[in-house]
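Novice: Coordinates for the following, if possible.
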Amino acid sequence: KLFFKIVKNNFYFLIQTVYFSLIYGIIIQSDTVSLIFKEDQMKKKYLVLLAGILWIFAGLKVVMVGCRVGTEVDIKNFWYYLIMAGVFLVFYFRIFSPMVDKNLDRIGKLDEPKLWKFLDKKSYIIMFGMMFLGMALRKFTSLPPAFFYTFYIGLGMALLSAGIKYMVILVKIYAKKYFL
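Specialist: Next up, the predicted model:
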């Protein structure tokens with residue numbers, strides 16, 4: 001019952017997330033359908049691009065939630081920025097960056113790259129688990145707005161940075177291929 005209550009109360013957010021994910025997929029596919037798909041397969045570079053876009057989008061959404069909460073908080077408090085930096089450092093260097101490296105390695109070894117294989121099962125579980133936990137925390141706890149402000153902005157910046165890491169690696173691969 002708790003799960004359905006959270007989904008019901010956050011239905012707009014879930015629909016928006018799915019909608020933008022589909023839109024990004026359609027934009028990527030529509031302009032370059034003949035380049036991406038070859039005999040029902042997707043080129044690995046587009047899996048990396050799709051993963052980067054998803055992580056950047058997720059990071060921006062989480063930062064936006066944190067910023068909305070920031071209107072209820074004294075944002076001039078120096079300690080908030082230290083906590084944000086701490087959250088960013090822990091999540092980026094201990095969780096997201098190693099996950100990106102493992103995911104890139106896994107994508108490189110795929111024999112049959114398909115659209116949904118831009119993340120592995122563990123990453124999907126982590127992504128949906130984090131979304132569920134975030135919605136549950138906001139809805140069913142009485143944590144102070146300062147917690148959400150600092151935690152969400154630090155977490156969102158870590159997600160955003162992980163998405164940028166995908167893009168930087170993609171650019172490095174093409175720079176090496178075409179310019180070196």
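
Novice: pull the helix or strand with minimum mean pLDDT from this structure.
Specialist: Of all helical and strand segments in the chain, the minimum by mean pLDDT, DSSP states H and E falls on helix 33-36, at a mean of 40.

Novice: so after it, what's the next helix or strand?
Specialist: helix 44-70 (DSSP states H and E).

Novice: which residues sit in contact with residue 164?
Specialist: 52, 56 (C-beta atoms under 8 Å, 6 or more residues apart in numbering). Placement of C-beta: from N, CA and C, glycine included.

Novice: which SS state does it fall under?
Specialist: Here residue 164 is helix, with the state taken from DSSP: H, G, I helix; E, B strand; the rest coil.

Novice: I'd like the distance between it and residue 65.
Specialist: 19 Å (C-beta to C-beta, to the nearest Å).

Novice: repeat for residue 153
Specialist: Distance from residue 153 to residue 65, by C-beta to C-beta: 9 Å.

Novice: who has more neighbours, those two?
Specialist: residue 153 (26 against 19; other C-beta atoms under 10 Å).

Novice: Is it correct that the more buried one is in contact with residue 63?
Specialist: Yes. Under the criterion of C-beta atoms under 8 Å, residue 153 is in contact with residue 63, at a separation of 5.6 Å.

Novice: need the helices for the protein, in chain order.
Specialist: Remark: helices assigned in the chain by DSSP state H are 2-9, 11-31, 33-36, 44-70, 78-90, 97-108, 121-140, 145-179.

Novice: Of these, flag the one that's most buried.
Specialist: helix 44-70 (a mean of 20; mean count of other C-beta atoms under 10 Å).
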